[in-house]
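[1] Got a predicted model here, sequence first, then my questions.
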Amino acid sequence: MRRLKLLGVACAAVFVLASLASASASAFVLPEVLGEGATAFTTLSDAANPMIGALSGTLIECEDWHGEGTVEASKTLGLFHMTLLGKCKGTIAGIVAPCTGLGDAAETILVLGKWHTVVDTKVGEALGAAILLLLETVHFTCSIALVEVKGSVMCLILEPLTAAKVHLFHCTLTSGTANEKQYLTDSGVETTMEPLLSSVSHGAFEEGGLEALGTLEFKNAVQVDD
C-alpha cells in the first residue's frame, strides 16, 4: 500500500492554468466549486499510514484517516473535520508511544478547521487549483508528552476542470516542510500561508508539512474551475 504522510494539517499533479499565467492580478478569477446540490463533501484517504511530521522527523503515524466537510452555498469555502485513526503512535525523543487526541477514542486524533479554494503560486511552476486547510489547534498526548499542532496546509487538485463526484488531491512536503506555501487571495494578491507548526510539551513550535494523497467525494458531480 502507498504511504500517506501527514503534517505539519485537504492534491497530486499540478493543474496547469496556462491561460492565467500571464494574466494580471486584477483580472484573476479564483476557482469555484460548481455543480447542483454540492452542499457537502467527504474526504477519504486512498493510501495507508497517515503521518504527522516536522523538521526534526516523524511525530506521529496512524493506520488510516477519514473526514467530512460542508460547502457553503455559492461559495468556495466551508468547514471540515478529519480523524486520524488506527493505532496512532508517535516517536518523540526516540521513544515510540500510543497517541490519542484530548477527548478522543484511544489512538485516534480529531482535526477540525475551515477550507478555502485557492490558487497555488509556487515559484517556478504553473498556477494550480488547490484547497487551503486552516486548522484549529489540535492537542494530543503520546505517553506523557503533550503535542500541539496548528496552522495551515495547501493541497493541489488533480483534475479541477473535470466534473466528477470524486476529486483526487495531493499535499506534499520536502525535508519536513510544505512544498506549497504561496497562493492568491480573492483580490488577486499573492499571500504566504501560515505554516503548519507543532510543539511538544509546551516547547517551541516547529515548522512541518503535509504529504497526503486522498479524495474529495461530493454528493453530486462538481467542477473546480478557473
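    Arrived safely.
[2] Could you list the low-pLDDT ranges of the protein?
    Residue ranges of the chain with pLDDT under 70: 1-49, 58, 73-76, 123-124, 225-226.
[3] With just CA atoms, put the helix or strand containing residue 52 into PDB.
    Counting by DSSP states H and E, the element that carries residue 52 is strand 51-54. C-alpha atoms of strand 51-54 as PDB (Å, rounded to 0.1, in the frame of the first residue of the first chain):
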ATOM      1  CA  MET A  51       1.900  10.500   9.400                       C
ATOM      2  CA  ILE A  52       2.400  13.800  11.100                       C
ATOM      3  CA  GLY A  53       5.900  15.000  10.800                       C
ATOM      4  CA  ALA A  54       8.100  18.100  11.300                       C
END
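[4] helices or strands up against it?
    Here strand 51-54 touches strand 57-61, strand 206-208, going by 3 or more C-beta pairs under 8 Å, 6 or more residues apart in numbering; DSSP states H and E. (Each C-beta comes from the backbone N, C-alpha and C, glycine too.)
[5] Give me the sheet partners of the first one and which way each runs.
    With DSSP bridges as the test, strand 57-61 is paired with strand 51-54 (antiparallel), strand 89-92 (antiparallel).
[6] highest average neighbour count across the ones you listed?
    Ranked by mean neighbour count, those are led by strand 51-54 with a mean of 25 (mean count of other C-beta atoms under 10 Å).
[7] Please work out how many residues are found near residue 203.
    Using other C-beta atoms under 10 Å, residue 203 has 12 other residues around it.
[8] Helix, strand, or coil at it?
    Following DSSP: H, G, I helix; E, B strand; the rest coil, we place residue 203 in the coil state.
[9] got a list of what it touches?
    Residues counted as contacts of residue 203 (C-beta atoms under 8 Å, 6 or more residues apart in numbering): none.
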